[in-house]
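> Could you look at this predicted model? Sequence included:
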Amino acid sequence: MRTILGIDLGTSSVKGMLLDAERGIIACAATEYAVEIPAAGYAEQNPEMWWNAVLRTLGKLKEKNPLAMGSITAVGLSGQMHGLVMVDDKGKAVRPAIIWLDQRSWVQTKQIADCMSEKEMGEIFHNRVFTGYAFPSLLWVRDNEPDNYDKTASIMLPKDYIRMKLTGEIGTDASDASSSCLMDERRREWAWDIIDRFHLRREIFPDIHEAWEISGQITADCAGETGLRRDIPVVYGCGDQPAQGLGNGQIKEGDVICNIGTGGQISAYSAADRYDPKLRLQTFCHAVNRGYTVFGATLCAGMSMKWAKNQILQLDSYEQANEMAGEIAPGCTGLLYLPYLCGERTPLMNSNVSGAFWGLKLCHDRRHMVRAVMEGVIYSLKDSLQIFAENQIPASKVIASGGGANSPVWLKMQADIFELPVVTSVLSEQACLGACLVAGIGTGIFASAEDACGRFTGIEERIYEPDWKNACQYREMYAKYREVSDMISANNN
């Protein structure tokens, strides 16, 4: 038996998957953790907390699957993108990681915008620089914590820290490096001219590789901590967005993934290097075939539901939320929710904008509010689909992924609001699966990405088709949503 271990380092938890290379998924396990908010607008996590969560997750897998753990022949990783990890010359983190939700670097983001034209950003980064990306976060540390900056021997992205703990090797891959907004995406190498322009130290930037390349092997120290065998090959791995795509079988143009996790994304695969000239979308390197992933992002998707459930409506469970939402007709009798609790990315790219309930009346109750939250998240994701159409990025169906794919109510909303068929994958934990597939490709277990996806990815038989009566109602509400969004954004620049 050949087993592949996939590790997915998320924002809220780390997940592990054991994949039998012939028969499919053996087991999954997870360990949750929190985001630290030491000050308003800050979002941090301790890299050692990640590693301890990995150790607990591997322990859970080993307890119930000792034979599979003993037959691991390859390890792959995926992880939350954009964040900044800084380590010293001994590989120890010099400060907590600044993750993608962080908004502290708005001054540095403005400095970047003042020094680079939008056209130059597009040509080099293919993206607008946003708070929470490694580039402005690194400038913030240099400006505000010079001692930590001086102690830094290398920067990396979150999942790279876990791979360093596994192999002792420092490096990153093109998909994660491109999400830092310090990489020349066309050349798939660091944007050295920009690094020099902002007087950043060249020596702290690690080598960039492709996701499937082998980084190193499990070290003796790691084997002692984890129980993994020494010398198992570990590939560089990739960001969670391309891993989600791979785990959903998205390796050709036309299939669009709607992922509703902590954040939300609408993504498409592109074989060509292309980006939105207005920089409302984000384009990053893909994990396979030297392709690209083009997507729009909503910062607070599942997080909006968690916030509404726990802090506003104080509901007992997500099942209760879904039941309540199902009792209310589409459109919520005019109630809108704008999910800008942490600023917003696509299409606003505005870290200052605030969320809102709009149109509240005496007829509304908790049921309307929970449904409005669900609809508002989908309206925000529809913004990205609209921009896809402007850029001739095809969308023939939507593959729903993440926690949002567990709710039939939310799936039906997606079909009606997107006006496209919505399907779900036969397997869950797609980012973890993507990490396994990248490892299998890199170690020769699978002949290609097409071979890997052909073996393990597939779509459920049930299709959520648009209801055109609902779709007409939602068109009117979406138009109102856009009107309110533009107004709120204009007042929060």
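Cool, the structure landed.
> Quick check, pLDDT for residue 493.
The confidence metric pLDDT takes the value 66 at residue 493.
> so how far is residue 100 from the residue of the chain positioned farthest from its centre?
In terms of distance from the mean C-alpha position of the chain, residue 362 ranks first, at 37.9 Å (CA atoms, centre = their mean). Using CB to CB, to the nearest Å, residue 362 is found at 39 Å from residue 100. Every C-beta, even on glycine, is put in place using the N, C-alpha and C of the backbone.
> Let me know the secondary structure of residue 25.
Using DSSP: H, G, I helix; E, B strand; the rest coil, the structure places residue 25 in strand.
> residue contacts, it?
Going by CB atoms under 8 Å, 6 or more residues apart in numbering, residue 25 touches 17, 18, 19, 427, 433, 456.
> just to revisit the earlier point, go ahead and report the secondary structure state at the residue farthest from the centre of the chain.
Going by three-state DSSP: residue 362 is coil.
> Next one: it from residue 368, what distance?
Applying CB to CB to residue 362 and residue 368 gives a distance of 11 Å.
> before we move on, what about residue 442?
Separation of residue 442 from residue 368 (CB to CB) stands at 49 Å.
> Which parts of the stretch 1-150 of the chain are helices?
Taking DSSP state H, counting those that start in this stretch, the helices of the stretch 1-150 of the chain run over residues 47-64, 66-70, 106-115, 118-124, 134-144, 146-151.
> possible to save those as TSV with mean neighbour count?
Shown next, in TSV, are the helices of the stretch 1-150 of the chain (neighbours: other CB atoms under 10 Å):
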stretch	mean neighbour count
helix 47-64	18
helix 66-70	15
helix 106-115	16
helix 118-124	15
helix 134-144	22
helix 146-151	13
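> Adding distance to residue 204 as columns, could you present the ones you listed in a markdown table?
Shown next, in a markdown table, are these (distance: least, CB to CB, whole Å):
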| stretch | distance to residue 204 |
| --- | --- |
| helix 47-64 | 16 |
| helix 66-70 | 35 |
| helix 106-115 | 17 |
| helix 118-124 | 19 |
| helix 134-144 | 9 |
| helix 146-151 | 9 |
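> Quick one: the helices in the stretch 201-350 of the chain, in order.
220-226, 240-247, 302-307, 318-326.
> Of all these, which one is nearest residue 179?
Residue 179 sits nearest to helix 240-247 of all the helices of the stretch 201-350 of the chain, at 7.9 Å, using CB to CB.
> average model confidence for the closest one?
For helix 240-247, mean pLDDT rounds to 92.
> what sits against the nearest residue to residue 205 once chain neighbours are set aside?
Nearest residue to residue 205 in three dimensions, chain neighbours excluded: residue 190, at 5.2 Å (CB to CB, 6 or more residues apart in numbering). Contact analysis of residue 190 by CB under 8 Å, 6+ apart lists 177, 182, 183, 184, 205, 208.
> quick one: which of these is nearest residue 143?
residue 182 (16.1 Å).
> what sits against the closest one?
Per CB under 8 Å, 6+ apart, neighbours of residue 182: 125, 134, 135, 138, 190, 191, 194, 195, 205.
> Any chance of the backbone angles for it?
phi -130, psi 20 (degrees, to the nearest 10).
> Also the one 5 residues further on?
With angles defined as degrees, to the nearest 10, residue 187 shows backbone torsions of phi -90, psi -10.
> ok, how many other residues are close to it?
Counted by other CB atoms under 10 Å, the residues lying close to residue 187 total 11.
> Quick one: residues contacting it.
Contact analysis of residue 187 by CB under 8 Å, 6+ apart lists nothing.
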